[in-house]
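next comes the sequence, and after it the predicted model I'd like to discuss.
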Amino acid sequence: MAVVIGKSGKIHMKKPAQTIGKYSIERQLGSGTMGTVYLGYDSILDQRRAIKVMKSGVEDEELRKRFFREAQAAAKLDHPNIMRILDLDLDVNNHPYIVMEYVEGDDLKTYIDQRRFLPFASKLKIISEVCAGLDHAHEKGIIHRDVKPGNIRINRNGVAKVLDFGLARLESAERSRTGGVIGSPYYMSPEQWRGIRDLDRRSDLFSIAAVLYGGTKRDSGSRTGKGPGGALSVLSRILTGAIVNSVRIAGHV
């Protein structure tokens with residue numbers, strides 16, 4: 001604890017700032033299967049970064065090695081529609097962490113929900129930018145495996161960026177190891193539902209098509225196809241092709 005004396009002469013006890021490497025942690029941004037994401041500040045470069053720290057409960061050594069391999073591969077991606085990976089290291093507790101570009105803005109679902117009517121042309125612009133980022137990654141041999149609105153962020157300039165490239169594959173491996181569902185049920189390709197591990201770019205394309213399909217619906221409550229039966233109902237429709245034509249749902253399309 002640090003002692004701070006205010007202007008009035010009153011003494012306050014102030015907790016020392018939490019740090020990860022050279023970054024001062026400002027707040028937690030989110031948490032997933034593999035780790036927790038924090039907002040960090042680099043005082044030397046005066047930049048804010050998103051920092052993902054591998055959870056302490058994930059002790060599998062092979063998974064830790066894959067964390068580094070996948071992050072190193074994803075760090076080679078350089079595209080305006082992909083969130084950049086900037087650094088990779090170990091914290092004081094020997095937990096791997098990855099430093100990423102911090103994208104100010106909203107995830108795709110929030111972005112659409114906050115706008116009562118977003119023209120279809122605007123949605124197509126977002127999807128085309130996401131596809132451009134995916135195409136760049138696919139050319140480098142990297143498959144995302146978890147394309148969904150939560151992994152698409154729209155920055156303050158309205159540009160779409162895809163998050164968590166390379167890390168989604170690790171989260172899938174960890175969920176598989178612990179008996180969990182691999183992927184996000186409402187956006188998974190039939191191959192993912194069937195448990196096929198050797199996925200290619202077509203799986204990501206199915207997922208982005210599902211994102212676009214959901215985005216054309218007027219009713220935000222049904223935007224992801226959620227309804228009676230939950231994920232099992234969605235599974236049945238994905239595997240049988242029994243999907244409602246979105247043009248019948250959104251007459252303005």
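Noted; the coordinates are in hand.

quick check: chain neighbours aside, which residue is closest to His138?
Excluding its sequence neighbours, the residue lying closest to His138 (Cβ to Cβ, 6 or more residues apart in numbering) is Arg201, at 4.2 Å. In this view, the C-beta of every residue, glycine as well, is placed from N, C-alpha and C.

Leu39 belongs to a strand?
Yes. Counting by DSSP: H, G, I helix; E, B strand; the rest coil, Leu39 is part of a strand.

okay, buried residues for the helix ranked longest in the chain please.
Longest helix in the chain by number of residues (criterion: DSSP state H): helix 120-139. Counting neighbours by 16 or more other Cβ atoms under 10 Å, one finds that the buried residues in helix 120-139 are Lys123, Ile126, Ile127, Glu129, Val130, Cys131, Gly133, Leu134, His136, Ala137, His138.

average pLDDT for stretch 96-112?
For stretch 96-112, mean pLDDT rounds to 91.

and the longest helix of the chain, what does it pack against?
strand 152-155, strand 160-162, helix 201-215 (3 or more Cβ pairs under 8 Å, 6 or more residues apart in numbering; DSSP states H and E).

quick revisit: out of the buried residues of helix 120-139, which one has the lowest pLDDT?
Ranked by pLDDT, the buried residues of helix 120-139 bottom out at Lys123 (89).

model confidence for the closest residue to that one other than its chain neighbours, exactly?
Once flanking residues are discounted, Lys123 sits nearest to Gly215: 5.0 Å by Cβ to Cβ, 6+ apart. You'll see Gly215 listed with a pLDDT of 71.

can I assume Gly215 is in contact with Arg115?
No. Counting by Cβ atoms under 8 Å, Gly215 sits too far from Arg115 to count as a contact (11.2 Å).

so between those two, which is more surrounded?
Legend: neighbour count by other Cβ atoms under 10 Å for Gly215 and Arg115, higher for Gly215 (24 against 10).

can you pull out the strands in the stretch 1-150 of the chain?
In the stretch 1-150 of the chain, the strands defined using DSSP state E, counting those that start in this stretch lie at 2-5, 11-14, 19-20, 23-31, 35-42, 47-54, 85-90, 96-101, 105-107.

ranking those strands by mean pLDDT, which is last?
Minimum mean pLDDT among these: strand 2-5, a mean of 45.

not counting sequence-adjacent ones, nearest residue to Ala75?
Ile85 (4.1 Å).

so what's the one you found bridging to?
When bridges are called by DSSP bridges, Ile85 pairs up with Met100.

what's the distance between Leu86 and Lys52?
From Leu86 across to Lys52, the span is 12 Å (Cβ to Cβ, to the nearest Å).

and what of Trp193?
The spacing between Trp193 and Lys52, counted by Cβ to Cβ, is 27 Å.

so between those two, which is more surrounded?
Using other Cβ under 10 Å as the criterion, Trp193 and Lys52 rank with Lys52 on top: 25 against 18.

quick one: low-confidence parts of the stretch 151-253 of the chain?
Scanning the stretch 151-253 of the chain with the threshold set as pLDDT under 70 gives 166-183, 216-253.

let's go with 90 and repeat that
164-200, 210, 212-253 (pLDDT under 90).
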